[in-house]
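**Q** Only the shape, not the letters, is given here:
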């Protein structure tokens, strides 16, 4: 941490700030420049709030030079992490190919889609039982009945299941039945929930919040990890920008950036980002070319009648074609399928 | 709702889309333009998901013409709502003047600040017992002990209290003890929690999410109202933009816009938006000049030693000066203090 | 400037980077921390491109501690600047009250509006002769004929005129006839034009670009000042954010921020920001309450028939009422009208 | 265009608005809904400003259903355009592989880089002679001397040249000597310049503005096309968002979106978007996988000593490796190299 003092700060004020820093257990190093003086703070500054010093009348600004995360930080864990989802490996070259309907609507629907997706090469089954909806008047998901259907589909196909947890009251049943617990964009900074996820045995799929910086996103993973669960997969799903033609702007630079900053696997959800089915295919291929550790794609056998987000779902036939091209690109990039 | 068909759509395709619309209980009206055909959908479209039609191969786009909210909509409730916070009226000319420390740190601190703030004219006491923090390593608040301190300060000063609820496990105790329950920006779309707030008797202070549009924000109020609790106060606290010199960009246009779209009171939090104490005073005055129904301001007797957000807190003396100017501006605008 | 080296950088690499810095005429100061080493660069770093060092394999990041602007910097010019617009003072408590139609449409229109606005208290007349329009098919302004009409209105009312320059080919005629030359948001980083404005005798009204940070905006003023013309007034007109209900998000925090960073006057244009006439009045009052040095407001005698942006124009009667309230708020704030 | 009237608008007000519409040469069609009435406007609404109607007291909002662009619109020109850059075809499967230094610094530098890039497979040479810089104190480019060096490199290698035009005073010399004239992000809405580009014979590379929507970007192409020059290539180079770790957020969804909306070729500049050399390779591959018609990549033989943007440049060896992988992905996608 570096504290920049205001121009012409007097020696006694420099000393006072220095003292404030030392009181927090840090060492200091003063650099006197031509127009300004800075104080370098030496020691573990991860747990120190920069704002504590900003209030001092002689302080111009405080700058962090160290990342505030430890467990998720690649600097302290140089090798890629591999997350094991009930036998399916994700990361270090292993791709998660997650497919399924946006919402669980019926046993037949899910079974049909799951069978087709598996045939095409999917290795994980997704489906929403609890649905976060902007409007209280929209379909809110089948709830626990939906979860039961997912379990049946898992039994039938052998595909481990991925579904979104929205409320702490379902922590136990999810921990028992769900192979990869998804946390949606809107709960990415539900810190209470994050801490509770740290108590679970299951891996977590943590979606990026619509306005989350890379650092905030990693800090949310750090919450889970610091609470005891290090099996976290990050999922890029688009951020909110001024462009409204697409639902969100898919930020594929997040893939190489996160690979540099953390050791956690990163998968991409091209269905939610764009909100239009014809964007899924080019963006899925782009994500793999950029080095993603997997894809989460909405597949529906009858998008016209879907209760939710049909407009962004691929039909099984399209998904099959997509995986063929994805496989070829993955080979160019050196990934295993 | 208006469905715009693709150029040169054939009559049979127009009929098919028309049929899809009618199946959802709506009437249709076809307008044949020079280059395109549109279908006007007549009936209550509030509960219908536009995307259901967007998947049709002949549909170019679907546009909503009606707001998706009912209970919060000024069109159906033309008069300003007044929310009663344990005897303090908010809205329709009555200002909420909420003041207090960011975090509750000790009984002495809170009592001292509360007494001073009341003296200056504050009518509600704020203080964080549970703190949402980006880092798991930062101070997370005093929890239930903090709440107890707030209750003591209420007893001592008579000021009703405002504090943030972060977890459903505290719904009961908050309903019993907190006069105005605050929902933070990061939980604005925690839909499960919103539904549960609808069961409570206490009014809710709903902060705007960092990336929430006006409509999404109102829809979150609608969640609470549709679940049974119509006492909602909206709180503008800045949105996330590309500008990083300030923590967030305070959007004061939200005040007249929300006044037009809804009947709910709107208060402004200038402390969190800017993140710098010297922005609080000009922005507080601007908010009142723009017609806000109140202010939520962080006041701290010793910002240099605050455990959280000291940099954005006013000292009691500054707060006192602020309220004097605010009172004068409120008079120009025709508000009661 | 501070150079943060990668963890575990070897001594020889530290020396190499140090050498790179010294080659640019700067002194260095090494701070060895617990986990990382930083190099403080001492000397005038304003003109040095941080990226020069970022390419080095041992460098993690480079952070500026000094603002990159000199002439516009309040640190080197502590007193508020006053800009004289043909006799009308702007800044240091003097308000610019700029009013007039979006586009010049006819002599009669401009004269009528100018006379009414002056009567209400406006001290500068605006009107667009050259109009930046998103579409090549929209009305592009009356051009030089429009400028002639503005000059007639100036003669008739005595109000100095403000109008937008779009092309370097009109530099001479603007310098001769226009009292305050406006540079629009879309040209804020037209650096070639900025340099040429530095050659003129007239003051410049520099609007903020839709995506310009405070620093970039000030740097554009610095371009004009460094080229020889120090009479620059900054104009906040809203930035682009994810919210689309309003045309742009008016950022009133810019007023206190710019007052801190620079000595230049700051005026606010509430008409363009919101794009709706009913937002103008509350936002104009808020801007003054926040400490703005003036307002630029669109006034039209017949908004329904305006060729451009009628929806955001006030009628003269509304403008008159607005200025009365603005005057009262200005008094509370301590400004002169 | 659709005009939505306010709830409970009286018949006489409906008629007045209808009359306003007819006065502009359009036909009307009234749709009376349950809660609101809408007026469908029939005819060519491309050239009509929606705001003209928004000012009417009975109008709630006006919605465009038709794109405002004609010449760039794929609806009226279903086939991909191919732009011929002095013999190099771009579009309809043909990739532009543009490489070269950010700034021209010396003849030797450009010749060396050009020869290496050509060897690797580049078919167009880039290099900045006039540089848009945020700071007036930064290196502004070699100017006409830089252009001369580019011409020499063209002569030596046969690669047509691409360079940025910043000022109308250089229109003639660029038209004579530059094969593909680049317009930078900051001039994307310099409408005067766009009109003048329409007079030239050379194709134009139009970069996306940092805050430009797809529609605004296409409208800027429409300006050039409507003025007489239909040879426009669009270049995605990242948009400004809240994320600051990367310089800008590269929006690869723009590729399939623009392909749908227009027939113009779309190339991607991964160097400027991220601002870090290690982002170039993954993003270049992703752009090709998403269907881009080409890449513009900064290549420098000595990035450590570059006068500008060295941090985002690849060394020739890295560029060579990149093109090998890009070629393989292009084959999977069905593009010609």
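**A** Yes, it's here. No experiment lies behind these values; they were computed from the predicted model shown. Residues are numbered from 1 along each chain as shown, chains lettered A, B, ... in the order given.
**Q** Skipping its backbone neighbours, what lies nearest the residue of the stretch 201-337 of chain A found nearest chain B in space?
**A** Among all residues of the stretch 201-337 of chain A, residue A:211 sits closest to chain B, at 3.7 Å; criterion: C-beta to the nearest C-beta. Every C-beta, even on glycine, is put in place using the N, C-alpha and C of the backbone. With C-beta to C-beta, 6 or more residues apart in numbering or on different chains as the criterion, residue A:211 has its nearest non-adjacent residue at 3.7 Å, and that residue is residue B:211.
**Q** Would you agree that neighbour falls within a strand?
**A** No: remark: residue B:211 does not belong to a strand; assigned using DSSP: H, G, I helix; E, B strand; the rest coil, it is coil.
**Q** Please list all residues in contact with it.
**A** A:209-211, A:240, B:239-240, C:242 (C-beta atoms under 8 Å, 6 or more residues apart in numbering or on different chains).
**Q** first to last residue in stretch A:118-126, what's the distance?
**A** By C-alpha to C-alpha, to the nearest Å, the extent of stretch A:118-126 from end to end equals 12 Å.
**Q** and the spatially closest residue to residue A:290 that is not a sequence neighbour, how many neighbours?
**A** Nearest non-adjacent residue to residue A:290, counting by C-beta to C-beta, 6+ apart: residue D:286, 3.9 Å away. When neighbours are counted by other C-beta atoms under 10 Å in any protein chain shown, residue D:286 registers 31.
**Q** what's near enough to touch residue D:286?
**A** Neighbouring residues of residue D:286 by C-beta under 8 Å, 6+ apart: A:252, A:286-287, A:289-290, D:252.
**Q** rerun that using 7 Å as the cut-off
**A** Residue D:286 makes contact with A:252, A:286, A:289-290, D:252, according to C-beta atoms under 7 Å, 6 or more residues apart in numbering or on different chains.
**Q** ok, now residue A:190?
**A** Residues in contact with residue A:190 (C-beta under 7 Å, 6+ apart) are B:186-187, B:190.
**Q** how about 6 Å then?
**A** By C-beta atoms under 6 Å, 6 or more residues apart in numbering or on different chains, residue A:190 lies in contact with residue B:190.
**Q** ok, it to residue B:190 distance?
**A** Remark: distance between residue A:190 and residue B:190 (C-beta to C-beta, to the nearest Å) = 6 Å.
**Q** in a strand, that's where residue A:186 is, yeah?
**A** No: the assignment for residue A:186 (three-state DSSP) gives helix, which keeps it out of a strand.
**Q** so what's it closest to, chain neighbours aside?
**A** Using C-beta to C-beta, 6+ apart and skipping the chain neighbours, the partner closest in space to residue A:186 is residue B:189 (4.1 Å).
**Q** For that neighbour, which three-state class applies?
**A** Under three-state DSSP, residue B:189 falls in the coil class.
**Q** rewinding a little: restricted to helices, list the contacts of residue D:286.
**A** Those of the contacts of residue D:286 mapping onto helices are A:286, A:289, per DSSP state H.
**Q** Which of the contacts of residue D:286 are buried, as a ChimeraX select command?
**A** ChimeraX command restricting the contacts of residue D:286 to the buried ones, with burial defined by 16 or more other C-beta atoms under 10 Å in any protein chain shown:
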select /A:252,286,289,290 /D:252
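**Q** is it possible to export the contacts of residue D:286 to JSON lines including pLDDT?
**A** Below are the contacts of residue D:286 laid out as JSON lines (pLDDT from 0 to 100):
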{"residue": "A:252", "pLDDT": "98"}
{"residue": "A:286", "pLDDT": "98"}
{"residue": "A:289", "pLDDT": "98"}
{"residue": "A:290", "pLDDT": "98"}
{"residue": "D:252", "pLDDT": "98"}
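**Q** which of the contacts of residue D:286 sit farthest apart?
**A** Farthest pair in the contacts of residue D:286 (C-beta to C-beta) is A:289 and D:252. Separation: 9.9 Å.
**Q** Out of the contacts of residue B:211, the closest to residue B:175 would be?
**A** Among the contacts of residue B:211, residue A:209 lies closest to residue B:175 (C-beta to C-beta), at 28.4 Å.
**Q** Grab the nearest non-local neighbour of that closest one.
**A** residue A:188 (3.7 Å).
**Q** okay, now that neighbour: neighbour count?
**A** Residues lying near residue A:188 (other C-beta under 10 Å) number 24.
**Q** Where do the helices of chain A begin and end?
**A** For chain A, the helices defined by DSSP H occupy A:11-23, A:51-54, A:107-120, A:144-157, A:171-177, A:191-197, A:214-226, A:254-261, A:270-274, A:277-289, A:316-333.
**Q** which stretch in those helices has the least confidence?
**A** Averaged per stretch, pLDDT over the helices of chain A is lowest on helix A:51-54, reaching a mean of 79.
**Q** Around chain C, which positions in chain A sit nearby?
**A** Chain A has residues A:4, A:7, A:29, A:31, A:33-34, A:40, A:42-43, A:63, A:65, A:75, A:240, A:242, A:244 near chain C, with proximity defined as C-beta under 6 Å from any C-beta of the partner chain.
**Q** Just give me the least confident of these.
**A** Lowest pLDDT of the residues of chain A next to chain C: residue A:34, 73.
**Q** Point me to the residue of the stretch 1-150 of chain A nearest chain D.
**A** Residue nearest to chain D within the stretch 1-150 of chain A: residue A:67 (10.9 Å; C-beta to the nearest C-beta).
**Q** Now for that residue: which residues touch it?
**A** Taking C-beta under 6 Å, 6+ apart as the criterion, residue A:67 is in contact with residue A:73.
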